[in-house]
Every structure is written in structure tokens, then in C-alpha cells.
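Participant: take a look and give me a structure for this.
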Amino acid sequence: MTLADGFQSRLADILVRDEARAAFTQLQAFLAQLEPEKEGRLPAERELCEILGVSRGALRKALAIAESEGRIWRHVGKGTFLGRRPAEDPADVTNVANYASPAEVLRARLLIEPMLAAEAAINASASDLAELQLCAKRGREADTWRRYENWDNRFHSVIANATQNKVLVMTFDNLNNVRRTVAWGRRRSGSTGPSANHHSFKEHDAIVRAILDRNGAAAERAMREHIETVWRNMMEGSRQA
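Facilitator: Residues are numbered from 1 along each chain as shown. As a prediction, this is how the structure comes out:
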């Protein structure tokens with residue numbers, strides 16, 4: 001290989017890396033604004049390339065980075081999904097969900113999630129904070145219970161991810177899988193979506209403020225108050241958020 005050939009090869013490598021970084025930046029922006037419908041499934045790669053304006057190779061590198069950071073997960077034959085990969089053995093989660101009561105799920109949340117909020121206040125990255133604010137905003141704007149529940153689920157998942165602790169994230173993921181199965185398995189009645197004064201809006205805002213202020217004690221307290229409200233509503237036969 002000549003000197004010129006070596007230079008061209010290094011230049012090509014640099015261009016590929018730059019293209020992948022640009023694609024990852026585009027992908028991050030897209031994920032932040034993505035409406036989490038259809039179980040969080042992302043568009044197919046060909047469609048994503050068109051949406052982001054990037055090549056297939058650059059997109060795949062960007063997806064690999066996003067997956068390594070827990071932003072997405074991929075299943076061969078099924079597609080790419082938003083969030084972290086679910087528990088490896090979903091049958092176990094389903095089995096627990098079949099026998100767990102809503103009260104048991106809420107008790108577990110009350111023990112675990114306030115601590116996660118406190119850790120998130122200390123360790124959340126700038127992108128975590130931005131995504132958390134987006135989830136609170138989109139939850140308030142949701143016009144159906146399904147959309148609200150999707151954004152609510154994402155809100156709590158972002159808090160867990162913001163702890164930057166893989167063991168805590170795994171613990172939350174297992175709890176959340178049970179939570180979603182138990183909660184979503186019950187039909188909602190009455191209105192088609194949350195009212196403008198739904199309790200979770202104010203409570204989510206309090207959690208966000210505490211995490212933005214890096215106030216672990218306040219974040220823990222706000223999350224505990226939020227879940228206690230859900231608990232009271234469930235006991236009174238009201239809607240669960």
C-alpha cells in the first residue's frame with residue numbers, strides 16, 4: 001500500500017465515523033420526540049433512513065450505539081423497540097403478574113421507586129433530564145388513556161435509567177413489566193382520557209423539579225407522594241395512574 005493509499009483509507013475511516021456520529025445525533029433527536037405507540041416499535045430501517053436522511057450503514061452503527069446505551073432494543077424478526085430490553089424470561093414475569101394483586105405491585109413500587117428517583121436526581125444526564133421533561137409534557141397532552149399510559153410508563157422508565165445503575169434498572173424493568181401487565185389487563189371505564197386536573201400531572205411536575213434541582217430527598221419524597229396517591233385512588237375504587 002502506498003502512502004497515498006494509506007491516507008485515503010484513513011480518510012475513509014474518518015468519514016464513516018463522522019457519518020455514524022451524525023446519524024446517532026439524528027437518531028437521538030428522533031427518539032426523544034417519538035410517540036410511544038404500538039409497544040414502542042420503531043419504523044423499519046429503510047423508513048428510518050429516509051426519515052433521518054442517513055445511509056443504511058450509518059443507521060446501523062447509530063442503532064448499535066443506542067442499544068448499548070439502553071435507548072432501544074432489537075429482536076430479530078420482530079423489529080426495533082424503544083427502551084431497554086425486557087427481562088430475558090418473560091414467562092416468569094407473566095407468571096408473577098398472573099398471581100400478583102395491584103396492591104402488591106403498588107407496595108413494591110412504593111419501596112423501590114422513591115429510591116430510584118433519589119438516585120436519578122444525583123446521576124441523571126442532560127439527555128435524561130430533557131427526556132423526563134418531554135414525558136411529563138406529552139403525558140399532560142395525551143388525549144387517550146392509552147397514550148397517557150405509554151408516556152407515564154416512559155416517564156418512570158427514564159427515571160430508572162437515569163440512576164445509571166444497571167442493577168437498579170434491571171430491578172425496575174422486572175417490576176415495571178409486572179406493573180404493566182397487571183394495570184393494563186384491567187379495562188378503564190368512563191372518560192376516554194385523563195382530565196385536565198388529573199393528579200399525576202402535578203405530581204410528575206414535582207418529581208421533575210426535584211430531579212432537575214438535583215435534590216435527592218425532594219425527589220424521593222415527591223415520588224412517594226405520587227405512588228401513595230395512586231394507592232389511595234385504588235383503595236377508593238378510582239382510576240389507577
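
Participant: strands along this protein, start to end?
Facilitator: Secondary structure of the chain (DSSP state E): strands located at 72-75, 79-82.

Participant: tell me the most buried of those strands?
Facilitator: A comparison of those by mean neighbour count, using mean count of other C-beta atoms under 10 Å, puts strand 79-82 on top with a mean of 18. Bear in mind the C-beta positions are built from the backbone N, C-alpha and C, glycine included.

Participant: neighbouring contacts of that one?
Facilitator: Under the contact criterion C-beta atoms under 8 Å, 6 or more residues apart in numbering, strand 79-82 has outside partners 31, 34, 36, 39-42, 44-45, 63, 71-75, 154.

Participant: of the strands of the chain, which shows the lowest average pLDDT?
Facilitator: In terms of mean pLDDT, the lowest-scoring of the strands of the chain is strand 72-75 (a mean of 80).

Participant: elements contacting that strand?
Facilitator: Using 3 or more C-beta pairs under 8 Å, 6 or more residues apart in numbering; DSSP states H and E, the elements in contact with strand 72-75 are helix 56-68, strand 79-82.

Participant: domain-wise, how is the chain divided?
Facilitator: What automatic domain parsing lists as the domains of the chain is 3-82, 90-235.

Participant: what subset of the contacts of strand 79-82 is buried?
Facilitator: Buried members of the contacts of strand 79-82, counted by 16 or more other C-beta atoms under 10 Å: 31, 36, 40, 42, 63, 71-72, 154.

Participant: out of the helices and strands in this protein, which is least certain?
Facilitator: Every helix and strand of the chain was ranked by mean pLDDT, DSSP states H and E. The lowest is helix 90-99, at a mean of 60.

Participant: roughly how far apart are the most centrally placed residue in the chain and residue 23?
Facilitator: Taking C-alpha atoms, centre = their mean, the centroid of the chain lies closest to residue 154, which sits 3.7 Å from it. Per C-beta to C-beta, to the nearest Å, residue 154 is found 23 Å from residue 23.

Participant: for residue 58, same thing?
Facilitator: 4 Å.

Participant: neighbours around residue 174, how many?
Facilitator: Other residues within reach of residue 174, judged by other C-beta atoms under 10 Å, total 17.

Participant: again with residue 181
Facilitator: Residues lying near residue 181 (other C-beta under 10 Å) number 17.

Participant: need the pLDDT of it.
Facilitator: Listed pLDDT for residue 181 reads 72.

Participant: then the one 10 residues further on?
Facilitator: According to the model's per-residue confidence, residue 191 sits at a pLDDT of 73.

Participant: what does residue 167 give?
Facilitator: pLDDT for residue 167: 92.

Participant: for it, give me its contacts.
Facilitator: Contacts for residue 167 (C-beta under 8 Å, 6+ apart) come out as none.

Participant: buried residues in stretch 100-112?
Facilitator: Neighbour-count burial for stretch 100-112, counted by 16+ other C-beta under 10 Å, picks out 100, 102, 105-106, 108-110, 112.

Participant: cool, and stretch 146-161?
Facilitator: Quick answer for stretch 146-161 (16+ other C-beta under 10 Å): 147-161.

Participant: pull the residues that contact that stretch.
Facilitator: Surrounding stretch 146-161, the residues in contact under the criterion C-beta under 8 Å, 6+ apart are 35-37, 40, 70, 82-84, 113, 116-117, 120, 128, 131-132, 135-136, 138-139, 142, 168-169, 172-173, 176, 180, 183-184, 193-194, 198, 200, 204, 207, 211, 223, 241.

Participant: and the average pLDDT for that stretch is what?
Facilitator: If you average the pLDDT over stretch 146-161, you get 92.

Participant: alpha carbons only: can I get it in CSV?
Facilitator: Provided in CSV are the C-alpha atoms of stretch 146-161 (Å, rounded to 0.1, in the frame of the first residue of the first chain):
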residue,chain,number,x,y,z
ARG,A,146,-53.5,4.5,26.1
ARG,A,147,-51.3,7.4,25.1
TYR,A,148,-51.2,8.7,28.7
GLU,A,149,-50.2,5.3,30.0
ASN,A,150,-47.5,5.0,27.4
TRP,A,151,-46.0,8.3,28.4
ASP,A,152,-46.4,7.6,32.1
ASN,A,153,-44.6,4.3,31.6
ARG,A,154,-41.8,6.0,29.7
PHE,A,155,-41.6,8.7,32.5
HIS,A,156,-40.9,6.1,35.2
SER,A,157,-38.5,4.2,32.9
VAL,A,158,-36.5,7.3,32.3
ILE,A,159,-36.1,7.9,36.0
ALA,A,160,-34.8,4.3,36.4
ASN,A,161,-32.4,4.7,33.5
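
Participant: cool, thanks, signing off.
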